[in-house]
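**Q** structure of the sequence below:
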Amino acid sequence: MAYRLFEGKEHASIYQQYRFTPPSGLKDVIIQYLDKKKGQPHVLAVDLGCGTGQHTRLIAPHFKEVVGIDISDFQLEEARAVPGYANITYRKGTAEELPFEDGTVDLLTAASAAHWFDPTRFLLEADRVLKSRGCMALLGFTDGNIRLNYKDCGEKLNHIYQEVKELLRPYTSSPVAASESKLEDLYSAIPYPDKERIESFKCKSMISIRTLVGFISSWSMYNSYKRKDPQGAEDMLAKIQKRFLDEMGVTSVDTEIEREWEYFCVLASKPQ
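**A** Predicted coordinates:
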């Protein structure tokens, strides 16, 4: 089944502004895995469901060529607008029908996207295009253990954040639930004996309230809600922002808080 929830121009712009780049430390783990399993040189990486290109740009220095694939013209337009990456090409397409010859891809990766793929068709395509000993790296973040910290009101901020998730739960699709399970079913379906999981890669960063609320506005469930009730969705964001500021005792949306969360990663290497 194809899910097409991120294709609008406004949503693409929000993605470019507020979606987080995966941690560089986790990227290093992926490259080290590829070094170990396949070895140099690393010629071609394909970033599936690349969106506005945050992860594509992160891995670009490690490959001769990187191709970002996404179904949304607007997401790709945002990605192409970022200068300075001569070895990146963006192409419209899906993870289930890849425009590459057999056995030509060193690394096939997806950041916060693999839960949207048709697993059977994707894994067949992955096996077709990967080189011998080529690798898959499917990563994402889990939102269940997020912690927000600001002076002595962190618990109240966490409670507000969890309230938002509960409010939007009726609009949550099954693929999002699959991501929260750390792609357990997809991992089980990978036919390669050489595979492993990184269950928890912990991250910390400072983000503004503006960015946190913008991040919420990028969620697929928020946008499902917004399609049903545009004004209600906008009012909800404004209310949440005000509650954050009131609890913190500040007025500026550029006030920063600490955010702790976890990434996971599924790694697999095609047999010789």
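
**Q** for the rest of this, base every contact and every neighbour count on C-alpha atoms.
**A** OK.

**Q** tell me if I'm right that Tyr225 and Ala233 touch.
**A** Yes. The pair Tyr225 / Ala233 is scored as a contact, 6.5 Å apart, by C-alpha atoms under 8 Å.

**Q** in three-state terms, label Ala268 for me.
**A** strand (DSSP: H, G, I helix; E, B strand; the rest coil).

**Q** can you name the residues that contact it?
**A** Each residue near Ala268 by C-alpha atoms under 8 Å, 6 or more residues apart in numbering is listed here: Cys135, Met136, Ala137, Ile190, Tyr192, Asp194, Lys195, Glu196.

**Q** now the phi/psi pair for the first one, please.
**A** When read as degrees, to the nearest 10, the backbone of Cys135 gives phi -130, psi 150.

**Q** looking at the longest helix along the chain now, give me its mean pLDDT.
**A** The longest helix of the chain (DSSP state H) is helix 230-248. Over the span of helix 230-248, the pLDDT mean works out to 95.

**Q** got it, and stretch 27-40?
**A** If you average the pLDDT over stretch 27-40, you get 97.

**Q** poorly predicted segments of the stretch 101-250 of the chain, please.
**A** Residues of the stretch 101-250 of the chain that meet the criterion pLDDT under 70 lie in 173-180.

**Q** what ranges does it have for its strands?
**A** For the stretch 101-250 of the chain, the strands defined by DSSP state E, counting those that start in this stretch occupy 105-111, 130-149, 195-208.

**Q** using CSV, list the CA coordinates for the second one.
**A** It stands for strand 130-149. Provided in CSV are the C-alpha atoms of strand 130-149 (Å, rounded to 0.1, in the frame of the first residue of the first chain):
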residue,chain,number,x,y,z
LEU,A,130,22.4,-4.2,-3.7
LYS,A,131,25.9,-5.3,-4.5
SER,A,132,27.3,-8.5,-3.0
ARG,A,133,28.0,-7.6,0.6
GLY,A,134,26.1,-4.3,0.1
CYS,A,135,24.2,-3.1,3.1
MET,A,136,20.8,-1.8,4.3
ALA,A,137,20.6,0.8,7.1
LEU,A,138,17.0,1.6,8.1
LEU,A,139,16.9,4.1,11.0
GLY,A,140,14.3,6.1,12.8
PHE,A,141,13.5,7.7,16.2
THR,A,142,11.1,6.6,18.8
ASP,A,143,8.9,9.2,20.4
GLY,A,144,7.8,7.2,23.4
ASN,A,145,10.7,8.0,25.7
ILE,A,146,11.2,11.6,24.8
ARG,A,147,12.2,13.9,27.7
LEU,A,148,11.9,17.7,27.7
ASN,A,149,14.0,19.5,30.3
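
**Q** what residues of that strand count as buried?
**A** Using 16 or more other C-alpha atoms under 10 Å as the test for burial, strand 130-149 gives 130-142, 146-149.

**Q** find the centremost residue of this structure, please.
**A** Geometric centre of the chain, nearest residue: Ser112, 2.6 Å, by C-alpha atoms, centre = their mean.

**Q** what is the closest residue to that one other than its chain neighbours paired to in the beta sheet?
**A** Excluding its sequence neighbours, the residue lying closest to Ser112 (C-alpha to C-alpha, 6 or more residues apart in numbering) is Gly140, at 4.3 Å. Listed by DSSP bridges, the beta-bridge partners for Gly140 are Phe264.

**Q** tell me the contacts of Gly140?
**A** Counting by C-alpha under 8 Å, 6+ apart, Gly140 makes contact with Ala111, Ser112, Ala113, Ser179, Lys182, Tyr263, Phe264, Cys265.
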